[in-house]
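# what would the 3D arrangement of this be:
(2 chains)
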Amino acid sequence: MGSIISLANSIFNPIIALGSAPVMLIVLTVIALIFRVKWTRALEGGIRLAIALTGISAIIGLLTTAFSAALTEFVKSTGIQLSITDVGWAPLATITWGSPYTLFFLLLLVLLNIILVLLKRTNTLDVDIFDVWHLAFVGLLCIFSGGNLLIATILVLIIGSMKIFNSDLMKPTFNDLLHNENNPMTTTHMNYMMNPIIMVLNKIFDVVFPWLDKFDFDAAKLNKKIGFWGSNFAIGIYLGVFIGLMAHQDPKAIFVLSFTAGTCLELFSQIGSWFIKAVEPLSQGISNVATKYLKGREFNIGLDWPFLAGRAEIWAAANVLAPIMLGEALILPGNHLLPLGGIIAMGVTPALLVVTRGKIIRMIVIGALELPIFLWAGTLAAPFVTHTAKVVGAFPAGVAQNQLISQTTMEGPIEKFLGYLVGHATSQGGSYILYALAALAGYILLFIWYAFQMKKRNKAYAEAATTTK
Amino acid sequence: MIKILTACGAGVNSSHQIADALESEMKTRGYDVEATAVMVKDVTESLISDYDIFAPIVKPDLGFEIKIPTVDCGPILYRIPTMAQPVYDKMEEVIKSINK
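Residues are numbered from 1 along each chain as shown, chains lettered A, B, ... in the order given. From the prediction side, this is the model:
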């Protein structure tokens, strides 16, 4: 036994010592080969992931270096403790994909999906491999908070099953929103796991503010008016000016801050596309294997959320919520995140669209009410994100060690709290066990209530379809 | 050279998958195409006027009339060849009709 371990160590230790980017190159390539991807395509994916990790580190460095001095001054002159830099989704995705555990969770979730399909518990075949990182993030946060791999895996599988059930529950609503019955599009995306809470707020809205619906406006027209003023680089400019002024910087420094933020926000989305391409060969390989063995059944296909992005309400609500979130971040007790990279709330608005079915005023009001949950979850996850960025080599060496990074509008804020509580319950026991059990019970019961509501909605859709036929 | 504009939510995932798939399939069929991926919210009247074909994931409501041919490319993302085939055929038909 000892000799096997020392043999394994002598093989793996030098590889691990190479650092995260080469390790991920090897791991992703090997896993793609297991799914019978052609070796050149598999290797291409591995190399692309390695350069995405390297690239994201360079841009985080650019952003945090430019902003760290100004943020310190900002805190001094305003007394507002917003010291965590919001880097948006792309760096978080890269960091999460830089952990081999993410590939482990991916494999288990693929198996879970296949088992649920074979047992006919779902009709959804999830081909959105890339977005597994949202759920892997919860598992990693659970481990970081003290959970062991087994407990983290169980948590990931529970939430993973609920995501798949949710995709079936939402399918008729997607058909309604897209005005198209003949498409197999659905999604297991994590942002829709906010649906149960939004539905509670929506029910309250029904009772208290139904008259507000009269003021719904044309979202497409609003977006057209906003034009480039709502684009990534423009938002970077506003925040640079805002922080520069609050930190009493001179005009030259304000220009540097603004243009650096604008540049970084544009580059984050560019690099985001690099690792979509990185996992592309693996995604296709998994889909090929899955469809080969599941012939003859009609499936809903689980995609990334943006097949709903054609609905103008998503963007109108995100544009209106951006300044609201900035205002909330300044006054919210317990929040230390300054909105920047994640300020366009794409992790928030698709779920609002699904539950309210496009009632724009409701989307904005409910969005404003739930944003604090995202800000707190982002603050809670910051030490973990920063630590993991350092471990996978995606954090710049020159930046102060106490500089934290996170994201304001990352998908699955509730699940982050669950990961945190379950992790602490595993390592510390005591009252954390009670909190974790209560939170899990509340989470599951709320989902069951939501499922019941959605089934009622789906029954109404089915009845409407038969009466019109 | 036919210029195609693809669009999705973040302009990084679905739209890039569509852009890559269209470029490689149309190249196989003997057409010279270049596909650019953007966020739906960044599609403006002036941007779209620089392209020959619009290839969104689903037809979006942009608040203005789209004056170039539009081909919904969502089915490319299902990763099932038989479902992507009609989209490619439609795209080829549109490219031929542009006759550039």
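
# so residue B:58 touches residue A:307, yeah?
Yes: checked against Cβ atoms under 8 Å, the pair residue B:58 and residue A:307 is within contact range at 5.4 Å. No exception for glycine: its C-beta is placed from N, CA and C like everyone else's.

# pull up the overlap in contacts between the two.
A:178, A:185, B:74 (Cβ atoms under 8 Å, 6 or more residues apart in numbering or on different chains).

# which of those residues fall within helices?
Judged by DSSP state H, the shared contacts of residue B:58 and residue A:307 include residue A:178 as members of helices.

# closest to residue A:428 out of the shared contacts of residue B:58 and residue A:307?
residue A:185 (43.2 Å; Cβ to Cβ).

# bridging residues for the closest one?
residue A:301 (DSSP bridges).

# stretch A:118-126 spans what distance, first to last residue?
14 Å (Cα to Cα, to the nearest Å).

# low-scoring stretches of chain B, by residue?
B:10-12, B:100 (pLDDT under 70).

# helix or strand for the spatially most central residue of chain B, which one?
Centroid-nearest residue in chain B: residue B:55, 2.3 Å away (criterion: Cα atoms, centre = their mean). If you go by DSSP states H and E, residue B:55 is part of strand B:53-56.

# what element comes up after that strand heading to the C-terminus?
On the C-terminal side of strand B:53-56, the nearest following helix or strand under DSSP H and E is helix B:81-98.

# centre of the chain to that following helix, how far?
10 Å (Cα atoms, centre = their mean, to the nearest Å).

# show me where chain A has its strands.
Taking DSSP state E as the criterion, chain A carries its strands at A:84-86, A:124-126, A:185-186, A:300-302, A:337-338, A:405-406.

# export those strands to TSV and tack on mean pLDDT?
Formatted as TSV, the strands of chain A follow (pLDDT from 0 to 100):
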stretch	mean pLDDT
strand A:84-86	88
strand A:124-126	88
strand A:185-186	86
strand A:300-302	84
strand A:337-338	90
strand A:405-406	92
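
# got CSV for those, with distance to residue A:444 and mean neighbour count too?
Shown next, in CSV, are the strands of chain A (distance: least, Cβ to Cβ, whole Å; neighbours: other Cβ atoms under 10 Å in any protein chain shown):
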stretch, distance to residue A:444, mean neighbour count
strand A:84-86, 30, 25
strand A:124-126, 20, 27
strand A:185-186, 22, 24
strand A:300-302, 21, 24
strand A:337-338, 28, 26
strand A:405-406, 27, 26
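
# show me the contacts for residue A:188.
So residue A:188 contacts A:124, A:126, A:128, A:131, A:163, A:164, A:166, A:167, A:302 (Cβ under 8 Å, 6+ apart).

# and the closest residue in space to residue A:232 that isn't next to it in sequence, how far is that from residue A:69?
Of all residues not flanking residue A:232 in the chain, residue A:265 sits nearest, at 4.1 Å (Cβ to Cβ, 6 or more residues apart in numbering or on different chains). Residue A:265 is 19 Å from residue A:69, where distance means Cβ to Cβ, to the nearest Å.

# more neighbours, these two?
residue A:265 (27 against 14; other Cβ atoms under 10 Å in any protein chain shown).

# what residues are up against the more buried one?
A:88, A:232, A:233, A:235, A:236, A:340, A:341 are the contacts of residue A:265 under Cβ under 8 Å, 6+ apart.

# can you put the strands of chain A in JSON lines and add distance to residue A:13?
Shown next, in JSON lines, are the strands of chain A (distance: least, Cβ to Cβ, whole Å):
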{"stretch": "strand A:84-86", "distance to residue A:13": "34"}
{"stretch": "strand A:124-126", "distance to residue A:13": "35"}
{"stretch": "strand A:185-186", "distance to residue A:13": "44"}
{"stretch": "strand A:300-302", "distance to residue A:13": "38"}
{"stretch": "strand A:337-338", "distance to residue A:13": "38"}
{"stretch": "strand A:405-406", "distance to residue A:13": "29"}
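
# out of those strands, nearest to residue A:251?
strand A:337-338 (21.3 Å).

# how many residues are close by residue 72?
You didn't say which chain, so I picked chain A. Number of residues near residue A:72 (other Cβ under 10 Å) recorded here: 14.

# I was thinking of chain B, sorry if that wasn't clear
Residues near residue B:72, counting by other Cβ under 10 Å, number 18.

# residue A:45 contacts residue A:275, doesn't it?
No: with contact defined as Cβ under 8 Å, residue A:45 does not count as touching residue A:275 (9.2 Å).

# any chance of the shared contacts of residue B:58 and residue A:307 in CSV, with distance to residue A:115 too?
Shown next, in CSV, are the shared contacts of residue B:58 and residue A:307 (distance: Cβ to Cβ, whole Å):
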residue, distance to residue A:115
A:178, 29
A:185, 23
B:74, 27
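
# any idea which of the shared contacts of residue B:58 and residue A:307 is closest to residue A:118?
residue A:185 (22.2 Å).

# pLDDT check: weakest of the contacts of residue A:265?
Lowest pLDDT of the contacts of residue A:265: residue A:232, 76.

# thought that one was touching residue A:263?
No: Residue A:232 lies out of contact with residue A:263 (Cβ under 8 Å); the separation is 9.9 Å.

# among the two, which residue is more densely surrounded?
Counted by other Cβ under 10 Å, residue A:232 and residue A:263 do not tie: residue A:232 has more neighbours, with 25 against 17.

# any idea how far residue B:70 is from the more buried one?
In terms of Cβ to Cβ, residue A:232 sits 25 Å off from residue B:70.

# what of residue A:82?
For residue A:82, the distance to residue B:70 equals 43 Å [Cβ to Cβ].

# try residue A:131
Per Cβ to Cβ, residue A:131 is found 26 Å from residue B:70.

# which of these two has more neighbours?
Taking neighbours as other Cβ under 10 Å, residue A:131 and residue B:70 compare with residue A:131 leading, 23 against 16.

# contact partners for the more buried one?
With Cβ under 8 Å, 6+ apart, residue A:131 has these contacts: A:188, A:189, A:190, A:304, B:13.

# please repeat the previous calculation with a cut-off of 10 Å.
A:93, A:163, A:187-191, A:279, A:302-305, A:411, B:13 (Cβ atoms under 10 Å, 6 or more residues apart in numbering or on different chains).

# among those, which ones are in helices?
Checking these against DSSP H, those in helices are A:93, A:163, A:279.

# just the buried members of those residues?
Listed as buried from those are A:93, A:163, A:279; burial here means 16 or more other Cβ atoms under 10 Å in any protein chain shown.

# ok, the second one touching residue A:194?
I take that to be residue A:163. No: contact criterion Cβ atoms under 10 Å: residue A:163 and residue A:194 do not qualify, at 11.8 Å.

# quick one on the thing from earlier: okay if I get the contacts of residue A:131 as TSV plus distance to residue A:78?
Shown next, in TSV, are the contacts of residue A:131 (distance: Cβ to Cβ, whole Å):
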residue	distance to residue A:78
A:93	31
A:163	40
A:187	40
A:188	41
A:189	36
A:190	34
A:191	32
A:279	41
A:302	44
A:303	43
A:304	38
A:305	35
A:411	30
B:13	37
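
# what's the distance between residue A:281 and residue A:103?
14 Å.

# point out the residues in the stretch 351-469 of chain A that sit beside chain B.
Within the stretch 351-469 of chain A, no position is near chain B by Cβ under 10 Å from any Cβ of the partner chain.
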